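In: Turn this into a structure:
(chains A and B, ligands or ions: 6)
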There are 2 protein chains.
Amino acid sequence: MANQYAVIGMGRFGSSVATTLYNEGNEVLALDKNEEHIEDYKEFVTHAVIGDSTDEQTLRAVGIRNFDTVIVAIGDDIQASILTVLILKEMGVANVVAKALNKHHAQVLFKVGADKVIFPERDMGERVAHQLMASPNVLNFIELSDDYSIEEIKLPMSMAGKNLIEINLRAKYNITVIGVKTADRVDISPDPEKTLRAEDILIVLGENGDLNKFAKLK
Amino acid sequence: MANQYAVIGMGRFGSSVATTLYNEGNEVLALDKNEEHIEDYKEFVTHAVIGDSTDEQTLRAVGIRNFDTVIVAIGDDIQASILTVLILKEMGVANVVAKALNKHHAQVLFKVGADKVIFPERDMGERVAHQLMASPNVLNFIELSDDYSIEEIKLPMSMAGKNLIEINLRAKYNITVIGVKTADRVDISPDPEKTLRAEDILIVLGENGDLNKFAKLK
Ligand SMILES: Nc1ncnc2c1ncn2[C@@H]1O[C@H](COP(=O)(O)OP(=O)(O)OP(=O)(O)O)[C@@H](O)[C@H]1O
Ligand SMILES: Nc1ncnc2c1ncn2[C@@H]1O[C@H](COP(=O)(O)OP(=O)(O)OP(=O)(O)O)[C@@H](O)[C@H]1O
Ligand SMILES: [Ca+2]
Ligand SMILES: [Ca+2]
Ligand SMILES: [Ca+2]
Ligand SMILES: [Ca+2]
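Out: Ligands and ions are numbered 1, 2, ... in the order given. This is a model prediction of the structure:
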């Protein structure tokens, strides 16, 4: 069932949120005071409207109260971001998610009623830093805690042609294989006797130190 | 062993990359033409220098060639971003990672030699959109493919007090429990007879449709 989302502020972050939601089959209203930004995205969302979100009339005119979730993705203009969240909550929007530039901004957003505050640049900066530190063999990861992660790691060249029993990662590296990604599928209960190929990717779980060691193998 | 990184452009994204790398024990040089941004971060990186990265003398003076990886996190000034990457590669920096605003910007960055191009706002927009669509019970996720994901999902209230054998997620929901997160630890080979508590988080793997169904349970 499609949900209804409104995205206010179609900068790089807001436009990515809006078009992703739309591509996944949701109804998406985009609002931006900049005509050009609206032009750029009008074919990639359900409705695209030029207008200033600090103006209550504009929000009323687009029926903002009918949306399940409103994302406020205004960045540099902190005042506009705060005022927009305040008005949205006063108008009775149930779920308002707002982008913050820093902690102080976030505190004020919560005070005026934001239900959730996000820091896209900070969070992505942390992710990118971890990717830079990791071996290039690590393709994707999720941190379960400070110590444990799940990672997608390219099969070390030296293990191609062997099977999971032979490489025995649990005993040799203290890591657990959760699945194997091949060219055409993800195998989440892989046959331990199936021969691994050079281009396979292992989905593994373990302590960060153990994963790092494994990811460095050739 | 500590690596040496230089981050050029200490906006929100660049400063997050720089401070994360520094906190993880690496040597980090931060360069920004804006004095205030350098003031703000000088205690959170190894060296913080005011300077314009489009000036080759500045880059030479900080010994930029000695860094393993240089991250160019300049955003709005596309020309400065491109020129910086060009100079860095001409000076012989081995690994240059650059932030792009859009596809055209990225194409030019590759043409002038960037080794990797990243789109932090776009990528985080996609992540946030998926989080918005997911149940609030989903705390973290990794997409293994279009169909399969690993997710951290809050234990449904109705399952508190039962154990893994009793809730039998494999048979009932077609999903696999990889681990259990409790207040103080991540248990990656959880005892199937241990009683689950209301505040536990399950780390589960499965098809997106099955995971969505499970995440909606109360
Ligand atoms: N009052 C407002 N009403 C509607 N749109 C607004 C308002 N203020 C700003 N915007 C729009 O919000 C968008 C994002 O704002 P801005 O570029 O300042 O943030 P940003 O954090 O640099 O964005 P990003 O990093 O996502 O590109 C812009 O397209 C801008 O036109
Ligand atoms: N030529 C340059 N030399 C050094 N620093 C620069 C140069 N040009 C821009 N910067 C710095 O880069 C930083 C990021 O630039 P800008 O704010 O334009 O990008 P942004 O994409 O909006 O950033 P973010 O979204 O990460 O906050 C700023 O601190 C700016 O001072
Ligand atoms: Ca901007
Ligand atoms: Ca930004
Ligand atoms: Ca300051
Ligand atoms: Ca900026």
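In: how close does the residue located most distally from the centre of chain A get to residue B:3?
Out: For chain A, the C-alpha farthest from the mean C-alpha position belongs to residue A:166; by C-alpha atoms, centre = their mean, that distance is 36.2 Å. From residue A:166 across to residue B:3, the span is 33 Å (C-beta to C-beta, to the nearest Å). (C-beta placed from N, C-alpha, C; glycine too.)
In: Same question for residue A:81.
Out: 36 Å.
In: Kindly report the same for residue A:49.
Out: Counting by C-beta to C-beta - residue A:49 and residue B:3 are separated by 47 Å.
In: do residue A:159 as well
Out: Taken as C-beta to C-beta, the span from residue A:159 to residue B:3 is 26 Å.
In: ranges for the strands of chain A?
Out: Ranges of strands in chain A, per DSSP state E, are A:4-8, A:27-32, A:47-50, A:69-72, A:95-99, A:116-118, A:138-143, A:148-154, A:176-181, A:186-187, A:201-207.
In: number of nearby residues for the residue of chain A found nearest ligand 2?
Out: Closest residue of chain A to ligand 2, C-beta to the nearest ligand atom: residue A:121 (4.5 Å). Using other C-beta atoms under 10 Å in any protein chain shown, residue A:121 is surrounded by 26 other residues.
In: repeat for residue A:99
Out: Residue A:99 has 29 nearby residues by other C-beta under 10 Å.
In: Verify the stated contact: it with residue A:120.
Out: Yes. Look at residue A:99 against residue A:120 with C-beta atoms under 8 Å: they come within range, at 6.2 Å.
In: shared neighbours, those two?
Out: Common neighbours of residue A:99 and residue A:120, using C-beta atoms under 8 Å, 6 or more residues apart in numbering or on different chains, are residue A:13.
In: could you measure residue A:194 against ligand 5, distance?
Out: Per C-beta to the ion, to the nearest Å, residue A:194 is found 57 Å from ligand 5.
In: Can you verify my assumption that that residue contacts residue A:163?
Out: Yes. In this structure residue A:194 lies within contact range of residue A:163 using C-beta under 8 Å: 5.8 Å.
In: so how far is residue B:119 from residue A:16?
Out: Applying C-beta to C-beta to residue A:16 and residue B:119 gives a distance of 8 Å.
In: Compare the two and say which one has the larger neighbour count.
Out: Ranked by neighbour count (other C-beta under 10 Å), residue A:16 and residue B:119 place residue A:16 first, with 25 against 19.
In: neighbours around residue A:193, how many?
Out: Neighbours of residue A:193 (other C-beta under 10 Å): 9.
In: Give the closest residue to it in space, chain neighbours not counted.
Out: Spatial nearest neighbour of residue A:193, chain neighbours left out: residue A:163 (5.1 Å); criterion: C-beta to C-beta, 6 or more residues apart in numbering or on different chains.
In: Likewise for residue A:203?
Out: Closest to residue A:203 by C-beta to C-beta, 6+ apart is residue A:179, at 4.1 Å.
In: which residues does the residue lying closest to residue A:49 once chain neighbours are set aside bridge with?
Out: Once flanking residues are discounted, residue A:49 sits nearest to residue A:31: 5.1 Å by C-beta to C-beta, 6+ apart. As for beta bridges, residue A:31 partners with residue A:8, residue A:49 under DSSP bridges.
In: returning to that earlier point: for the residue farthest from the centre of chain A, give me the pLDDT.
Out: We have a pLDDT of 97 for residue A:166.
In: Residue A:82: neighbouring residues, count only.
Out: 21.
In: which bits of chain A sit near ligand 2?
Out: Where chain A comes near ligand 2, counting by C-beta under 6 Å from any ligand atom, the residues are residue A:121.
In: Domains in chain A, by residue range?
Out: Taking the TED database as the reference, chain A has its domains at A:4-119, A:134-216.
In: quick one on the thing from earlier: residue A:81 and residue B:3: which has the busier surroundings?
Out: More crowded of residue A:81 and residue B:3, by other C-beta under 10 Å: residue A:81, with 27 against 15.
In: Pull the contacting residues for the residue nearest to residue A:49.
Out: Contacts of residue A:31 (C-beta under 8 Å, 6+ apart): A:6, A:7, A:8, A:9, A:10, A:48, A:49, A:50, A:51, A:53, A:58, A:62.
In: So the fourth one sits against residue A:72, correct?
Out: I take that to be residue A:9. Yes. With contact defined as C-beta under 8 Å, residue A:9 reaches residue A:72; the gap is 6.5 Å.
In: Show me whatever sits in contact with both of those two.
Out: Counting by C-beta under 8 Å, 6+ apart, the residues touching both residue A:9 and residue A:72 are A:53, A:81, A:99.
In: Next, the contact list for the last one, please.
Out: So that's residue A:99. A:9, A:13-14, A:71-75, A:81, A:117-120.
In: before we move on, what about the second one?
Out: Shown here is residue A:81, whose contacts under the criterion C-beta under 8 Å, 6+ apart are A:9, A:72, A:74, A:75, A:98, A:99, A:100, A:105, A:109.
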